[in-house]
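Chemist: Okay, structure incoming, though there's no sequence with it:
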């Protein structure tokens, strides 16, 4: 290359062709059908997408997209594919533009289950020292409350009602 950013198909195909197909299928866990569905949506949404390209060139381009999107959640990819027409009007997005759109979509749709959870045994967050001492190492025991102690506390507070 001449030092400038180039997006000519020949250079993209050459870069994509450097990877053997067998190494592409072994990397990550993204199903190839997701890329096929994405490209199907792009072909329907953008009539000029991949026109005048040979099947071999299309396979190399799909392989390149697979490498870049591998490790992403297929649900997020398909959700972005549904909204890309609104964001990229007139032409299909590049890999970089689609990845930016994917990142924004993932940040907007964060799953609250990713936040720290309370342990069901000690009722503390998993990262706390209290949880570590009780549930992981067992160096401390949970306090035991007897029926007699409960009765005493109830007796103390019975007049508050």
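Modeler: Yep, it's here. These figures come from a predicted structure and were not determined experimentally.
Chemist: Would you map the helices across this structure?
Modeler: In the chain, the segments counted as helices under DSSP state H are 9-17, 21-26, 32-45, 55-69, 74-87, 95-108, 129-131, 147-157.
Chemist: winner for burial among these?
Modeler: The highest mean neighbour count among the helices of the chain, using mean count of other C-beta atoms under 10 Å, belongs to helix 55-69: a mean of 17. In short, each C-beta sits where N, CA and C put it, glycine included.
Chemist: what's it packed up against?
Modeler: Contacts defined by 3 or more C-beta pairs under 8 Å, 6 or more residues apart in numbering; DSSP states H and E place helix 55-69 against helix 9-17, helix 21-26, helix 32-45, helix 95-108.
Chemist: Least confident of these, on average?
Modeler: Among the helices and strands packed on helix 55-69, helix 21-26 carries the lowest mean pLDDT, a mean of 39.
Chemist: Quick check: residue 61 touching residue 54?
Modeler: No: proximity of residue 61 to residue 54 does not meet the contact threshold set by C-beta atoms under 8 Å, at 10.6 Å.
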